[in-house]
Each structure stands twice: as C-alpha cells, then as structure tokens.
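Participant: sequence and computational prediction follow.
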Amino acid sequence: MQTCVYRERTSVNSADRQPKYEVHFAFKAEPGSRVSVVGAFNRWNPDKNPLVGPDGSGNYVATLCLAEGRYEYLFVVNGAWLTDPANPKRAANEYGTSNSVVDVAKPLPMQRANTDNA
C-alpha cells in the first residue's frame, strides 16, 4: 500500500530547493521478514530504505521524502523482488516483468463545501 501524504518538505541542501513530499510505503509480511523498498530514488539498492515493523496489522512501513515526479519501485522481501500488491499501477521494466509506480505531485487545494441554504 502506498500513499502520498501532502506535507511539503524543503531540502536542507541549498542547491536543491525543489519541494519534497512524504510518501508512505507499506508491505504486509510475516514477522521476522526483511523488507525494503527500492527504486530509482535509491539506485535500486535494497540496503538504503528498509521498512520497519511489523506493526499490529503485520505491515512493514517506511516514509520517504520525494520530489514531484513519477517513480517506479519494488519491495524486496527476504531477497525476493516484488511489486506492490496494494497498488495496481505498473510499468514494464527491462527484465520482462513490471515495477509498481507512484506519481508524486503537489496536491490540489481542498475546496470547502457550500453550506449555504440559499
């Protein structure tokens, strides 16, 4: 399960002022599993972004700060590279399989409902 949360973060690197957004990744796995998320954002390195857990629901979770853009990713669970079963968005990869996809974008402003009775 992946979700883009709408909290904007500014990079501390003065050369990189592009806004970043918190993106939450979660994967349900057996207790004692080793779970990480990989993608272009970490050069597909399973050691860079391990998920923590499991929580009470069996989910391992991680939050990454990513700039606007389209990101392909996979979960690595006990050495197996897997798509996100909670995310139907996919893109073909060079290995003849697919990667999960998350689009990170600035959210549209929320509009208030009209509560006037007139």
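Facilitator: Yep, that arrived. Nothing here was measured: the structure is a model prediction, and the numbers come from that model.

Participant: and the strand or helix carrying A62, what other elements does it pack with?
Facilitator: Element membership for A62, per DSSP states H and E: strand 59-67. Packing contacts for strand 59-67, counted by 3 or more CB pairs under 8 Å, 6 or more residues apart in numbering; DSSP states H and E, involve strand 20-28, strand 35-39. For the C-beta atoms, the positions are set from N, CA and C on the backbone; glycine is no exception.

Participant: one more time with 6 Å
Facilitator: Contact here means 3 or more CB pairs under 6 Å, 6 or more residues apart in numbering; DSSP states H and E; on that basis strand 59-67 packs against strand 20-28.

Participant: for the strand it packs on, give the mean pLDDT please.
Facilitator: Mean per-residue pLDDT for strand 20-28: 94.

Participant: that older thread, how about the following helix or strand past the strand holding A62: buried residues?
Facilitator: Next along the chain after strand 59-67, taking DSSP H and E as the criterion, comes strand 69-77. Residues of strand 69-77 classed as buried: 71-77 (neighbour count, 16 or more other CB atoms under 10 Å).

Participant: need those residues in a markdown table with pLDDT and distance to A92, can you?
Facilitator: Compiled in a markdown table, the buried residues of strand 69-77 are given as follows (pLDDT from 0 to 100; distance: CB to CB, whole Å):
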| residue | pLDDT | distance to A92 |
| --- | --- | --- |
| Y71 | 97 | 15 |
| E72 | 98 | 10 |
| Y73 | 98 | 14 |
| L74 | 98 | 13 |
| F75 | 98 | 18 |
| V76 | 98 | 19 |
| V77 | 98 | 21 |
